[in-house]
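**Student:** let me see the structure of the following:
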Amino acid sequence: MTMTRRTLLKAGLAGLAASAVAGCNNGAAARGEGEVIYWLWDSAQLPMYTECAKVFHEQNPQYTVKIEQYGWNDYWSKLVTGFISDTAPDVFTGHSSKYPLFADKGQVLPIDDFVAKDNVDLSIYQKGLADRWIGADGKRYGLPKDWDTEVYFYNSAFTEAAGISTEQLNSMTWNPQDGGTLEQIIRRLTVDSKGRRGDQPGFDKNDVKVYGLGYADAGGGDGQTSWSWYAAINGWKYSEGEPWGTKFFYGDPKFTDTIGWWRGLITKGYMPTYAQAKSGVDVTTSFGAGKYGMTPNGSWMLGTYGGLKQVKTKLARLPIGPVGKRMSMMNGLADTIWAGTTRRDASWAWVKFLGSQTAQDIVAKAGVVFPAVAASMPAAKAAFAKSGWDVTPFLEPVEAGDVFPYPANPNAADVTAVMTPAMDAVMSFEAEPASLAQANDDVNQILSAND
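**Tutor:** Numbering: from 1, shown residues only. Prediction:
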């Protein structure tokens, strides 16, 4: 089996328990006692958190914050190295797919006592966000910092040329049999090299100039920006005990039928082959180059799409499915404390500040992500509107309560190690969707072996 980054991450942590708690001093001799090292991975968020650190220091002059930013892949490998060598940052941005393992290995600090002692009001956050950071052991491992959902980003020049109205885009329906009006729109947006659309006579599916739908990858075990909402609106759930998966359902016909439909768009010529999608050019760059009519993605990508000046991009709602409604995955990040820090009070003060409305207002006004504090959302909406975005499609599922969580499990690395190659094989036509039943058995065997 191919070793993925997440598998390597787990292997690196396998020998750790609570060793970091008794660790060295994570560079204490090299800096002041009240200096907090804080890591994040998103360069777009660096300016707003730099501003947060400035305000935090003004309010807490005994503490200072040093921020370090690394790209996504380097971030996690450096973090694991830091855990092992006792040089991890005091506080870092956590992801719901990662922290269960870190908590299981004793590398992140439960903050329940801090929360209780300071009477932190957890009701200020968007519904469900605070609870997302309660681990399988019932302990709390972070305070929410932001949240995200998914929509379709579409090229409005292409939709106008195709005669597709905004109303049609925002009232799409879907089913795994014929794809509903969503597939009709995807078909209409697909254009071959001679200008014939996917719904016109003579369309050449083997010589496509613009694909109606673009995608980034096969989705692995979560499908966050590829297939998650299709499966959800088809009545499927990732697992028993969601979000803490105890038994997964990747072999459920509701899931395999969904994937079969999605892959079928490649066969029809409406979506690029997996080899084309993974050719080294990312989905947003291809969209910006006019290769795709629309692409699904998360709210954290608003800044990237906004920077594609050669195309005019707008947002469309996800489709209504057989369950009678739209649904989106709602995920969120949090700030967590390394269990081995020698600056617990300073680290907690920083985490508490980042989770406050004061900090969240700074985040909101930057117009990069949606803040976790509900009262900060009007400022975020105004900031995005100033940049030309009507972010309503992202917000509606949350307001309606039609969201589902990112699947969580301390063995997520092993689940990913199984499901990523399994999904890649299906989307590459090396295996059929029915093969996912065997992958599901493998996943559940891993879970039962780790009970």
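**Student:** just the helices from the stretch 1-150 of the chain, written as ranges.
**Tutor:** Ranges of helices in the stretch 1-150 of the chain, per DSSP state H, counting those that start in this stretch, are 5-13, 46-59, 72-85, 99-104, 112-117.
**Student:** please identify the most buried of these.
**Tutor:** Stretch with highest mean neighbour count among the helices of the stretch 1-150 of the chain: helix 99-104 (a mean of 23; mean count of other C-beta atoms under 10 Å). Using the backbone N, CA and C atoms, a C-beta is placed for each residue, glycine as well.
**Student:** other residues contacting that one?
**Tutor:** 9-10, 13, 83, 94, 108, 133, 135-137, 139, 141-142, 244, 334, 336, 408-413 (C-beta atoms under 8 Å, 6 or more residues apart in numbering).
**Student:** chain center to that helix: distance?
**Tutor:** Here the centre of helix 99-104 is set off from its chain's centre by 17 Å, with C-alpha atoms, centre = their mean, to the nearest Å.
**Student:** can you check stretch 164-178 too?
**Tutor:** With C-alpha atoms, centre = their mean as the basis, the mean position of stretch 164-178 lies at 24 Å from the chain mean.
**Student:** list the buried residues for that stretch?
**Tutor:** Ile164, Gln168, Leu169, Asn170, Met172, Thr173, Trp174, Asn175, Pro176 (16 or more other C-beta atoms under 10 Å).
**Student:** one more: stretch 190-202?
**Tutor:** Neighbour-count burial for stretch 190-202 flags Thr190, Val191, Asp192, Arg196, Arg197, Gly198, Asp199 (criterion: 16+ other C-beta under 10 Å).
**Student:** pick the one among these closest to Trp348.
**Tutor:** Of all those, Trp348 sits closest to Thr190, with 53.1 Å by C-beta to C-beta.
**Student:** in a markdown table: the buried residues of stretch 190-202, plus secondary structure and pLDDT.
**Tutor:** Shown next, in a markdown table, are those (DSSP: H, G, I helix; E, B strand; the rest coil; pLDDT from 0 to 100):
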| residue | secondary structure | pLDDT |
| --- | --- | --- |
| Thr190 | coil | 98 |
| Val191 | strand | 98 |
| Asp192 | strand | 98 |
| Arg196 | coil | 98 |
| Arg197 | strand | 98 |
| Gly198 | coil | 98 |
| Asp199 | coil | 98 |
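**Student:** circling back to that earlier point, and the contacts of helix 99-104, which are buried?
**Tutor:** Taking 16+ other C-beta under 10 Å as the criterion, what is buried in the contacts of helix 99-104 is 9-10, 13, 83, 94, 108, 133, 135-136, 141-142, 244, 334, 336, 408-413.
**Student:** run through the chain and note the low-pLDDT ranges.
**Tutor:** 1-32, 451 (pLDDT under 70).
**Student:** and of the helices of the stretch 1-150 of the chain, who's closest to Met327?
**Tutor:** The minimum distance between Met327 and the helices of the stretch 1-150 of the chain falls on helix 99-104, with 22.9 Å, by C-beta to C-beta.
**Student:** can you name the two of the buried residues of stretch 190-202 that are farthest apart?
**Tutor:** Of all pairs in the buried residues of stretch 190-202, the most separated under C-beta to C-beta is Asp192 and Asp199 at 11.7 Å.
**Student:** which residues are in contact with both of these two?
**Tutor:** Counting by C-beta under 8 Å, 6+ apart, Asp192 and Asp199 have no contacts in common.
**Student:** number of nearby residues for Glu242?
**Tutor:** Neighbourhood size, Glu242 [other C-beta atoms under 10 Å]: 14.
**Student:** what's the closest non-adjacent residue to it?
**Tutor:** Nearest non-adjacent residue to Glu242, counting by C-beta to C-beta, 6 or more residues apart in numbering: Pro405, 6.6 Å away.
**Student:** the one you found against Trp244, yeah?
**Tutor:** No: here Pro405 does not reach Trp244: they are 9.4 Å apart, not a contact under C-beta atoms under 8 Å.
**Student:** export the buried residues of stretch 164-178 to a markdown table and tack on distance to Ala417 and secondary structure?
**Tutor:** A markdown table is the format used below for the buried residues of stretch 164-178 (distance: C-beta to C-beta, whole Å; DSSP: H, G, I helix; E, B strand; the rest coil):
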| residue | distance to Ala417 | secondary structure |
| --- | --- | --- |
| Ile164 | 40 | coil |
| Gln168 | 41 | helix |
| Leu169 | 37 | helix |
| Asn170 | 38 | coil |
| Met172 | 34 | coil |
| Thr173 | 36 | strand |
| Trp174 | 30 | coil |
| Asn175 | 32 | coil |
| Pro176 | 27 | coil |
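**Student:** pipe those residues into TSV and attach distance to Gly401 per row.
**Tutor:** Below are those laid out as TSV (distance: C-beta to C-beta, whole Å):
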residue	distance to Gly401
Ile164	29
Gln168	26
Leu169	23
Asn170	19
Met172	20
Thr173	20
Trp174	20
Asn175	23
Pro176	24
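**Student:** now, which of these sits nearest Tyr274?
**Tutor:** For those, the residue nearest Tyr274 by C-beta to C-beta is Pro176; the value is 19.3 Å.
**Student:** give me the distance between the closest one and Ala431.
**Tutor:** Using C-beta to C-beta, to the nearest Å, Pro176 is found at 18 Å from Ala431.
**Student:** what of Asp222?
**Tutor:** From Asp222 across to Ala431, the span is 19 Å (C-beta to C-beta).
**Student:** now do the strands in the stretch 251-400 of the chain.
**Tutor:** With strands called from DSSP state E, counting those that start in this stretch, the stretch 251-400 of the chain shows them at 292-298, 313-316, 328-330, 334-337, 370-371.
**Student:** distance to Val283 added to those, as a markdown table?
**Tutor:** Shown next, in a markdown table, are the strands of the stretch 251-400 of the chain (distance: least, C-beta to C-beta, whole Å):
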| stretch | distance to Val283 |
| --- | --- |
| strand 292-298 | 5 |
| strand 313-316 | 13 |
| strand 328-330 | 17 |
| strand 334-337 | 27 |
| strand 370-371 | 21 |
